[in-house]
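Participant: give me a 3D structure for the following:
(one chain, ligands or ions: 1)
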Amino acid sequence: MPDRRNDKMKLGAFFHPTGNHIAAWLHSGSQIDAGTNFEHYAALAQTAEAAKFDLMFLADAVATRNGRLNALKRWPQYMAYFDPMVLLSGIAARTSRLGLVATAATSYNEPYHVARRYASLDHLSHGRAGWNAVTSSNHSESRNFGREEHLSHREKYERALEFLEVVKGLWDSWEDDAFRRDRTTAEYFDPAKLHPLNHKGAHFSVAGPLNVARPPQGHPIIAQAGGSDDFIDMAGRHADLIFTAQFDLESAQALYGKLAAAVKKHGRPAGSLKVMPGLNAIVGRTEKEAQEKHEHLSSLIHPDVGREVLSNDLGNVDLSGVPLDAPIPEEIVEEQLRFWLRFMKEATGKENPTLRETYRHYGSARGQRPLVGTASQIADEMERWFQGRGADGFLIHPATLPDGLEDICGLLIPELQNRGLFRTEYEGETLRENLGLPRPKNRYA
Ligand SMILES: Cc1cc2nc3c(=O)[nH]c(=O)nc-3n(C[C@H](O)[C@H](O)[C@H](O)COP(=O)(O)O)c2cc1C
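Facilitator: This next block holds a predicted model:
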C-alpha cells in the first residue's frame, strides 16, 4: 500500500443536461427542458460552488447524435443543448470560484478561435476557465465540416498535438505586463512585450498574435479525456487534468502510473497532472433508498433506447432481432468489441444476462463507474481509490439533474469533508490555485 496521502481530493461535476442516466429526462426529479434552460444550469453551478466543487464540466459535440429516430426521439441527451462556451460565459457572472470547463475538439476547430475563446472566458471569470482538448469521438461531426469520414486515430492525434502547441503559443502572445495603459506617455502597450507566433506546420499556419491579453491563469487549465497510448503521450506533454473512464482500482492505478511516466518523459515535474476518473454516484440516506432510485430509473428505459445505446457502443451492431429476454449473442459483435460486450454483461452481476438486464445496468453509467449506496459506502470507495493512487479526485456524473446533484452535495460531500478528504473552503481564487497547479510562465518573458 503506498504512503497515506495528506492532500485533498479534486472534484468535478459533469452536467449532462438532464443527468447522466439515459432515462433521466423521464424522472420527475429532472428538469425536462434542461438543454436550453439557462436558469437550470446557473442553479446547478451555484449548488456545486456552495459544495466547493473544483469545477463543472460540459462535454460537447458539434452535431446531434446520429442514429435511429425511433430511439433518439426518446433519448434527447445529445439533440438540443447550448454551445458550452456561450453558456459558461453566462454562468461566470453567477458564480465566483467554480472552475468552468468545456470541450472544444481539436478535429473541428481552428486553434486561433479556441485560444481566443478560452482566453476570453478566463478573463471574464477571473481565472476559472478550462479547455477539455479532445480529438472528438463523434463521427457525425465530420459531415458538418466538409468531410465524409472522421480522421483516423493517428491523424486526429497528430493534428491535436500541433493544435495544442499553437494554442499555448497564442496564449503567450502578450507578456503579463504588456498592457501599460499609460495616459501620461500615451502608450497603451509595450511593443517589446508583444510576440507574434509565426507558426507554420503540417496542419496550421498561424501568424498571431492573439487579440486578447494573456489570460489570468497564464494558460487556462487544459483537461483531456481518453485512454489510448497516443492519448497518454499527448496528456503527458500538455494536460493539467485528465478525465477518464475506469472500472476497477487496478486499471485505474495502471493508467495513473502510465500518465505519471508520460509526464516525466516530457520533462514536467511529478504532480503536474491531476487524474479524475468518472464516477456515476447514486446516493441515498439508506442503501435501500439508493438501490430503489437506481432501479426506478432503469425501469424507465424504453427498449428502443436500450437497444440503441448498446448498439452504439458495440460498433452499431443490429440488435433488432435479439429478443429482450434473451442474451446478446457474442458472435454478432465485431471481434475487437467483444471484450466490451463481456464487460457490459459482467457489470450486471448476473451469469448470462438478457438484453433487457444488460441495458438496464449499462444505461445508468455508460462506461463510467457506477456507485449506488449510502454516502459512507460511496466515500469508502472514493477513499480507497484516492489513497491507492488510482485517482487524484473524481469527475462525478449525477444520474439526474438537479436532484441527483442535490443528493450528492447534501449527503456525500459532507461525508468526504468529515473524513478530511475534501475542502471546506476554496484555497484560492483561480481554478489553477484550487487545483494546486502552478501558473505557467510566459515562454518569452
Ligand atoms: C469523461 C469523458 C468526457 C469526454 N468528453 C468528450 C467530449 O466532450 N467530446 C468528445 O468528442 N469526446 C469526449 N470524450 C471521448 C474521449 O475524448 C476519447 O475520444 C475517448 O475516450 C477514446 O479515447 P482515445 O481517443 O484515447 O482512444 C470523453 C471521454 C471521457 C472519459
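Participant: count of neighbours near the residue nearest to residue 342 when sequence neighbours are not counted?
Facilitator: Excluding its sequence neighbours, the residue lying closest to residue 342 (CB to CB, 6 or more residues apart in numbering) is residue 330, at 7.7 Å. (C-beta placed from N, C-alpha, C; glycine too.) Other residues within reach of residue 330 by the criterion other CB atoms under 10 Å amount to 11.
Participant: all strands for the stretch 1-150 of the chain, in order.
Facilitator: Secondary structure of the stretch 1-150 of the chain (DSSP state E, counting those that start in this stretch): strands at 10-14, 55-58, 99-103, 129-132.
Participant: mind putting those in CSV, mean pLDDT included?
Facilitator: Converted to CSV, the strands of the stretch 1-150 of the chain look like this (pLDDT from 0 to 100):
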stretch, mean pLDDT
strand 10-14, 98
strand 55-58, 98
strand 99-103, 98
strand 129-132, 98
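Participant: out of those strands, which comes closest to the ligand?
Facilitator: Closest to the ligand of the strands of the stretch 1-150 of the chain is strand 99-103 (CB to the nearest ligand atom; 3.4 Å).
Participant: list the contacts of the closest one.
Facilitator: Residues from elsewhere that reach strand 99-103, judged by CB atoms under 8 Å, 6 or more residues apart in numbering: 12, 54-61, 84-85, 87-88, 91-92, 121, 125, 128-132, 134, 221, 223, 225, 241, 431, 434-435.
Participant: intersect these with the contacts of the ligand.
Facilitator: Contacts with the ligand within the contacts of strand 99-103, counted by CB under 6 Å from any ligand atom: 59, 60, 61, 132, 134, 225.
Participant: what's the closest non-adjacent residue to the first one?
Facilitator: Leaving aside its chain neighbours, residue 59 sits nearest to residue 103 (5.2 Å; criterion: CB to CB, 6+ apart).
Participant: which of the helices or strands spans residue 279?
Facilitator: According to DSSP states H and E, residue 279 maps onto strand 274-284.
Participant: what does residue 338 give?
Facilitator: Residue 338 is part of helix 338-347 when elements are defined by DSSP H and E.
Participant: that helix and the ligand, are they touching?
Facilitator: No. Helix 338-347 is not in contact with the ligand by CB under 6 Å from any ligand atom; minimum separation 12.3 Å.
Participant: ok, now stretch 308-321?
Facilitator: No. Stretch 308-321 does not reach the ligand (CB under 6 Å from any ligand atom); its nearest approach is 11.6 Å.
Participant: what residues does that stretch touch?
Facilitator: So stretch 308-321 is in contact with 22, 67-68, 71-72, 75, 307, 328, 332-334, 337, 340-341, 344, 355, 358-359, 362-363, 366-367, going by CB under 8 Å, 6+ apart.
Participant: can you pull the contacts of residue 358?
Facilitator: 310, 327, 328, 344, 345, 348.
Participant: ok, now residue 18?
Facilitator: Contact analysis of residue 18 by CB under 8 Å, 6+ apart lists 24, 25, 27, 30, 31, 32, 34, 35, 76, 77, 400, 401.
Participant: the last one: neighbour count?
Facilitator: It refers to residue 401. Neighbours of residue 401 under the rule other CB under 10 Å: 30.
Participant: quick one: residues contacting the closest residue in space to residue 374 that isn't next to it in sequence.
Facilitator: Counting by CB to CB, 6+ apart, residue 374 lies nearest to residue 287, which is 5.6 Å off, once chain neighbours are set aside. Shown in contact with residue 287 (CB under 8 Å, 6+ apart): 373, 374, 377.
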